[in-house]
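Novice: Sequence below, structure please.
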Amino acid sequence: MHRIATLAVVALAGCPAPASRSSLPPTGGAVIAGVKGTIEQWRQAYELRSIDALGKLYAHEPTLTITQEGIAMFGWSSIEVTLRDKLAHATQIRIRIKDVQVTSLAPGAAFAIATMTRERSEGAATTLENGALTLILRNDGEHWLIVAEHYSYNRPS
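Specialist: Alright, predicted model coming up:
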């Protein structure tokens with residue numbers, strides 16, 4: 001989690017730091033719609049198992065971080081290899097996202113938290129995960145790009 005907080009700082013480099021939570025920029029409708037749109041594209045890209053579609057949603061830089069299943073991956077070049085392998089082995093992926101909350105961090109930066117259910121099949125085996133998804137996004141002027149992603153889920157005891 002410390003790495004995600006660090007990435008939020010990196011994502012905001014060059015943006016004036018707010019003095020307090022109450023001084024964060026208002027989260028307007030355009031920010032919410034843009035971030036939710038990226039999240040929906042992300043969900044669809046996973047379900048289509050399309051590395052090309054996913055690749056368009058991430059910042060292709062060394063500071064990009066994805067943490068899934070307790071493993072942190074850094075930089076687009078290594079993340080792409082891992083995602084490509086996971087998508088190639090999956091025969092089906094279904095993702096349901098709900099309760100999305102979007103908050104502006106600064107002009108052009110936001111984070112989103114949502115509950116997520118992911119069902120991934122590999123051959124006859126299917127894994128069902130229920131958990132929380134956190135994304136930090138940066139607006140590049142045309143799109144909201146993911147700069148950090150963290151997904152944690154409840155493991156059965």
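Novice: Could you name the helices and strands sitting against the longest helix anywhere in the chain?
Specialist: If you go by DSSP state H, the chain has its longest helix at helix 29-48. Packing contacts for helix 29-48, counted by 3 or more C-beta pairs under 8 Å, 6 or more residues apart in numbering; DSSP states H and E, involve helix 51-55, strand 92-106, strand 109-122, strand 125-139, strand 144-153. In short, each C-beta sits where N, CA and C put it, glycine included.
Novice: ok, now with 10 Å
Specialist: Packing partners of helix 29-48 (3 or more C-beta pairs under 10 Å, 6 or more residues apart in numbering; DSSP states H and E): helix 51-55, helix 76-89, strand 92-106, strand 109-122, strand 125-139, strand 144-153.
Novice: now that helix against strand 144-153, angle please.
Specialist: Using axes from the mean of the first three to the mean of the last three C-alpha atoms, to 10 degrees, one finds that helix 29-48 and strand 144-153 are set 60 degrees apart in direction.
Novice: in helix 29-48, what's buried?
Specialist: Neighbour counts over helix 29-48 (16 or more other C-beta atoms under 10 Å) mark 31-32, 34-36, 38-39, 41-43, 45-46 as buried.
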